[in-house]
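Enquirer: model the following, please.
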Amino acid sequence: MMRHDQTRERENLTRVEVNALRTSDDFKQLVNGLQSEFGSRLELRMTELVNRLLLEQEERMRSVEDIRYQLDVKEKMNVEKAKHEREEMRDRYAAMDAVVRSEFQRKDEAIMALQTSLETQIRTINGWVKQEELARTQQEIMLRTEIAKITDGSKFDIEAFKAQQVQVTEKLSEMIRMEVDSRLATDKETKMLI
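Expert: Just a heads-up that it's a prediction; the model follows:
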């Protein structure tokens with residue numbers, strides 16, 4: 001019985017080995033088939049991927065060139081704009097400078113005209129003042145002369161009045177004496193008659 005079991009086991013082992021060999025050959029064929037299929041698929045995928053990468057790289061290069069071109073154009077425009085702004089600013093400064101200079105010149109001319117006008121007015125006023133002083137001096141001289149004449153006339157009138165008063169007083173005194181004398185004489189005569 002043992003022999004029989006051993007034989008059976010040997011047969012089973014042989015069957016397993018044969019099956020293993022068959023399975024191994026099938027597996028190898030399957031693996032080879034899978035490898036060839038996977039290799040072809042991988043090759044297709046790699047080709048597609050490489051083509052896609054090349055297209056993307058070309059697109060990137062185009063977009064980089066476009067960006068460079070746009071940057072160059074923008075930089076040129078900025079340079080032109082800055083140059084134009086500088087020239088415009090220079091023109092504005094030149095125009096402002098011309099306006100300021102003309103304004104200063106106009107103000108200087110106005111100041112000179114005012115100064116000339118003031119000097120002329122001061123000369124005119126000085127002339128008027130001198131004429132006024134001369135007229136005042138002449139008026140003072142005339143007034144002093146008139147006052148002196150009036151004073152002299154008043155003195156003469158006063159002296160004449162005094163002389164006249166003295167004469168009147170003397171006449172009155174003479175008349176009073178004569179009256180007194182005539183009364184005395186009349187009194188004497190009256191006394192003598194009595």
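Enquirer: what are the ranges of the helices in the chain?
Expert: Secondary structure of the chain (DSSP state H): helices at 2-193.
Enquirer: any stretches of it with poor pLDDT?
Expert: Where the chain drops to pLDDT under 70, the residues are 1-6, 8-28, 30-31, 34-35, 38-39, 42, 193-194.
Enquirer: cutoff 90 now
Expert: 1-68, 70-72, 146-194 (pLDDT under 90).
Enquirer: what count of nearby residues applies to residue 59?
Expert: 10 (other CB atoms under 10 Å). Glycine gets a C-beta too; all of them are placed from N, C-alpha and C.
Enquirer: roughly how far does it sit from residue 67?
Expert: 12 Å (CB to CB, to the nearest Å).
Enquirer: and if you look at residue 91?
Expert: 35 Å.
Enquirer: do the same with residue 40
Expert: If you go by CB to CB, the gap between residue 40 and residue 67 works out to 40 Å.
Enquirer: quick one, what contacts residue 145?
Expert: If a contact means CB atoms under 8 Å, 6 or more residues apart in numbering, then residue 145 has no contacts.
Enquirer: then residue 113?
Expert: With CB under 8 Å, 6+ apart as the criterion, no residue contacts residue 113.
Enquirer: quick one: it from residue 106, how far?
Expert: Applying CB to CB to residue 113 and residue 106 gives a distance of 10 Å.
Enquirer: swap in residue 119?
Expert: Applying CB to CB, the value for residue 119 to residue 106 is 20 Å.
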